[in-house]
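A.B. asks: Need the 3D shape of this:
(chains A and B)
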Amino acid sequence: MLAYIVRRFAYALLVVWGVLLFLFVLFFAVTTPDDIARRSVGDKALPRVIEQWKHAHGYDRPLWPSVDAPTDNLLVDHFRRMLTFDLGKSDADNVPIARRIREGAAPSLLLTLPMFALGLLSSIGVSLFVALFRESYIDRAWVFLSVLLMSIPMLLYIIFGQFLLSVVLRWFPLSGFDDDPAVVTRFLALPVLIAVLSSLGSSVRFYRTVFVEEIHKDYVRTARAKGAGELRILRFHVLRNALIPILTDVVMTIPFLFTGSLLLEAAFGIPGLGSLVVDAINANDFSTLRAMVFLGSLLFIVGQVLTDISYTIVDPRIRLS
Amino acid sequence: MMGYGLLASGSSFLDGAAFGNGVVLAVFGLAAWAGYYARGNEIWRQALGEVFRRRRLSVFVLGLYVALALADSISWVGGSDRADGVLAHEAQSLVDRWFSGTTEKSYSAPLASAEFYDKTPLTRPRAHVLGTNILGQDVLYMTVKGARVALLIGGLTSLIAIPLALLFGMAAGYFGGRIDDVVFFVMSTLASMPGILLLIALIMVLGQSTFSVCVALGVTSWVNFCRLARGETMKLRELDYVAAARALGVSHAAILWRHILPNLMHLVVISFVLLFSSLVLAEATLAWLGIGVNGSWGQMIAQAKDELSRDPIVWWNVTAAGVAVFVLLLAVNRIGDALRDVLDPRTLGEGK
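C.D. replies: Modelled structure (predicted):
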């Protein structure tokens, strides 16, 4: 057990290293500091201006290690700074990125946590209901409805949801955000509703498959033979055994809780981390984007390690193999 | 000037007509070859026949979109005096020629006879079935042109992602050992980066063009299929007929090509169809962030953030593009579901 956990952590470190290397290749080797500078100060800028920009933003060092500068280069610097969470300053306006992320985390989580909880509850509820009525017209109707919901781009949910519920019916404010927790619920209700609805199709389809697959297993037949009711079987047998695929799916969404929803935040004017990324795209702010990709990956990797370890608790067979 | 055909290209080679034509025709050629192959193979013929019987309407709808995309892909220079949407010296497709000279000055409602805001009479009253957009372009024209863009995004990206995934997945699954370790490491690294952020990062680094959007989508989407191909190859490797082939002295390459690959083809087909719809959805998101592909439905929908807040509202542009993308994705997803049920009996489809 301990050996497994140690091995799992070692591999996670290796993947973190891989992500950092990939980011370096992408943001330093493919787009060189000169390119980044030119995007900020313009294509036709004088070489002197570009050098100044690079100096001001800490890009004026060699890319790769050499005999002369084994540590004073961008590769070593990139690894050292990311691993110590020294995220540096924004390429666009010199504001420390760590501060931006601290400011943006709360609004993002306020949006994504209810979105995640409600989404999970509603999709598991609906898919258990559908699994109960499997092979009936209710099931078939839901399967078709899921495909229908999956075929609509998120953008359309947002645009028509905003238009119908805010502009025409005036049930919700169109967009905005407030630090006061009493007021903010009004602003967050519509984005959360839209997010839950737009993800319902694919998640119901996924969970339904998981549940129906479990229902066809032998232990369910045994439970039925000993006289357990259908609802009891779903609750005590199927749901418990379906935990592993559900857990995996849940972990996959954890980094998105942090990175926020780009589309929703931008469309509803929520000043979270999604909006931070959207602003970074518009301002050619490579350092912010780099930091966000790294932090998102890191959270995902940590989440994966934790799931793998929790598997061994949920399912002893994994521990043995 | 006529007769340049596919060689006529715009200023940039990769975004030019020749490249787009080439990709759409390559996808079409590939599909034709696959169809020809499937006809000669009893199992595939039965399976595809079954899908066709179950999803007659979806197959018809998809065929319509493909036909429109093809009509917008056959293009040549000259022979038309009025050009819209494309510059006069650039190649114009059959669709461009059909809608030639339909551009008005600004917005007009569907089937209106005057402009929407300043009420000046249109040059073609009651001719714009779906109205015109802010630049006065016919919305039906732009919607039809979107079919080619969608096919280009789905097709080009799949052409990048699927061979890559097959190559690495099969190599990792078949040879195992060091090769598997390396491939698995690359997959874990790519998979641990949040998809949309990686996508944005790649497009910002590669610059914004149709080709780089497709490359970025390819890089972010091959991992899932690679994992699938790797797992399936690992299972196939253990089967008796592979061991028998090895014992008879068949080379690794021949085993992979003749005994493993054909048994992965059903996964390729299912993945391709499911990948296609997720790519079109992803492009719509990118379009909204301003880094999508020019002329896509996503871009038309993204314009709606201004249009729906106008007074009176301009609703036809977003509705036309929205319905177009919804109908295409619904057809593709329905066909994908049927394909999965028919080709992969292990996954539990519709209540089996």
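A.B. asks: got the contact list for the residue of the stretch 51-200 of chain B found nearest chain A?
C.D. replies: Closest residue of the stretch 51-200 of chain B to chain A, Cβ to the nearest Cβ: B:Thr189 (3.6 Å). From N, CA and C alone the C-beta is placed, and that goes for glycine too. B:Thr189 makes contacts with A:Val15, A:Gly18, A:Val19, A:Phe22, as judged by Cβ atoms under 8 Å, 6 or more residues apart in numbering or on different chains.
A.B. asks: Roughly how far does A:Thr112 sit from A:Arg290?
C.D. replies: 22 Å (Cβ to Cβ, to the nearest Å).
A.B. asks: brain fart, A:Ile215
C.D. replies: Shown here: A:Ile215 relative to A:Arg290, a distance of 46 Å by Cβ to Cβ.
A.B. asks: ok, those two, which is more surrounded?
C.D. replies: The neighbour count for A:Ile215 versus A:Arg290, taken as other Cβ atoms under 10 Å in any protein chain shown, is higher for A:Arg290 (25 against 21).
A.B. asks: Which element, helix or strand, includes whichever residue of the stretch 201-321 of chain A sits closest to chain B?
C.D. replies: Nearest residue of the stretch 201-321 of chain A to chain B (Cβ to the nearest Cβ) works out as A:Gly296 at 4.0 Å. Assigning secondary structure by DSSP states H and E places A:Gly296 in helix A:286-314.
A.B. asks: Packing partners of that helix?
C.D. replies: For helix A:286-314, the packing partners by 3 or more Cβ pairs under 8 Å, 6 or more residues apart in numbering or on different chains; DSSP states H and E come out as helix A:2-24, helix A:97-132, helix A:243-259, helix A:273-282, helix A:316-320, helix B:195-206.
A.B. asks: Point out the one among those that comes closest to B:Leu68.
C.D. replies: Ranking those by distance to B:Leu68, with Cβ to Cβ as the measure, places helix B:195-206 first at 26.8 Å.
A.B. asks: Just the CA atoms of that closest one, as PDB, please.
C.D. replies: C-alpha atoms of helix B:195-206 as PDB (Å, rounded to 0.1, in the frame of the first residue of the first chain):
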ATOM      1  CA  GLY B 195      -8.200  21.100 -22.500                       C
ATOM      2  CA  ILE B 196      -9.600  24.500 -23.200                       C
ATOM      3  CA  LEU B 197      -6.500  26.200 -21.700                       C
ATOM      4  CA  LEU B 198      -4.100  24.000 -23.700                       C
ATOM      5  CA  LEU B 199      -6.200  24.800 -26.800                       C
ATOM      6  CA  ILE B 200      -5.900  28.500 -26.200                       C
ATOM      7  CA  ALA B 201      -2.200  28.300 -25.400                       C
ATOM      8  CA  LEU B 202      -1.500  26.400 -28.600                       C
ATOM      9  CA  ILE B 203      -3.500  28.800 -30.800                       C
ATOM     10  CA  MET B 204      -1.800  31.800 -29.300                       C
ATOM     11  CA  VAL B 205       1.600  30.300 -29.800                       C
ATOM     12  CA  LEU B 206       0.900  29.000 -33.400                       C
END
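A.B. asks: Remind me what the helix or strand following that helix packs against, helices and strands.
C.D. replies: For helix B:195-206, the succeeding helix or strand toward the C-terminus, using DSSP H and E, is helix B:210-237. Here helix B:210-237 touches helix B:139-175, helix B:177-191, helix B:195-206, helix B:261-288, going by 3+ Cβ pairs under 8 Å, 6+ apart.
A.B. asks: want to throw the ones you listed into JSON lines with mean pLDDT?
C.D. replies: Output for the helices and strands packed on helix B:210-237, formatted as JSON lines (pLDDT from 0 to 100):
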{"stretch": "helix B:139-175", "mean pLDDT": "88"}
{"stretch": "helix B:177-191", "mean pLDDT": "91"}
{"stretch": "helix B:195-206", "mean pLDDT": "87"}
{"stretch": "helix B:261-288", "mean pLDDT": "87"}
